[in-house]
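Chemist: output the structure for:
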Amino acid sequence: MYTHEVVTLWYRSPEILLGAKTYTTSVDLWSIGTIFAEITHNRALFADVKDEELSNNQHQFAIGRKLKKNSTPDDVTWPGFSSMPDHKKTFPQWKPQNMTQLLFNLSPDALELTLQMLAYDPDQRITAKSALESSYFQSMPKHPVIPPQ
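Modeler: Numbering: from 1, shown residues only. Predicted coordinates for the structure are as follows:
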């Protein structure tokens, strides 16, 4: 049995917040994407989501805050979104934000990778293998310099 109680709330993927009964390693890629954005942005991407909202069974508020950062998905952008167990027809319909403005200090390769890790649809989210093969990591030195001890 899978549970909602995995991963620190700020890094929890939308499918977990929406009550998915099963999930894949794509939840880890979402978490990595939020941490990657946090490291490069010097601020947690979803820091405004509070644990007490979930403990009071107010998933919709936590989800709504996450949706506000992007846009509200629908069954076109995320097939099956409206049939998720904790989906609410009353979710606000947020307009898309320009993530380039939100994550303005990322290089184009880093921004592309971040957006691929933060895809709403877990089936469209980049895999770990593909992430490591991305142009962002390909531009890294093959043999990094190790500092002297």
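
Chemist: could you pull out the helices in the protein for me?
Modeler: 14-17, 26-41, 51-55, 59-69, 99-102, 108-117, 128-132, 135-138 (DSSP state H).

Chemist: any idea which of those is most buried?
Modeler: Comparing the helices of the chain by mean neighbour count (mean count of other Cβ atoms under 10 Å), helix 14-17 ranks first with a mean of 23. Placement of C-beta: from N, CA and C, glycine included.

Chemist: any idea of the mean pLDDT in stretch 32-52?
Modeler: The pLDDT scores in stretch 32-52 average 77.

Chemist: just to revisit the earlier point, go through the helices of the chain and find the least confident stretch.
Modeler: helix 51-55 - the lowest mean pLDDT of these, at a mean of 51.

Chemist: which one of the helices of the chain lies closest to residue 149?
Modeler: Nearest to residue 149, of all those, is helix 26-41, at 25.0 Å by Cβ to Cβ.

Chemist: contacts for that closest one next, please.
Modeler: Under the criterion Cβ atoms under 8 Å, 6 or more residues apart in numbering, residues 6-7, 10-16, 44-46, 102-103, 105-106, 110, 113-114, 116-118, 122-123, 125-128, 131 lie in contact with helix 26-41.

Chemist: with stretch 73-84 instead?
Modeler: 14-15, 18-20, 67, 87, 89, 120-121, 123-124.

Chemist: check pLDDT for those residues and point me to the minimum.
Modeler: Scoring the contacts of stretch 73-84 by pLDDT puts residue 67 last, at 54.

Chemist: okay if I get the helices of the chain as JSON lines plus distance to residue 81?
Modeler: Listed next are these as JSON lines, based on distance: least, Cβ to Cβ, whole Å:
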{"stretch": "helix 14-17", "distance to residue 81": "9"}
{"stretch": "helix 26-41", "distance to residue 81": "15"}
{"stretch": "helix 51-55", "distance to residue 81": "19"}
{"stretch": "helix 59-69", "distance to residue 81": "11"}
{"stretch": "helix 99-102", "distance to residue 81": "19"}
{"stretch": "helix 108-117", "distance to residue 81": "18"}
{"stretch": "helix 128-132", "distance to residue 81": "23"}
{"stretch": "helix 135-138", "distance to residue 81": "28"}
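
Chemist: thanks a lot, see you next time.
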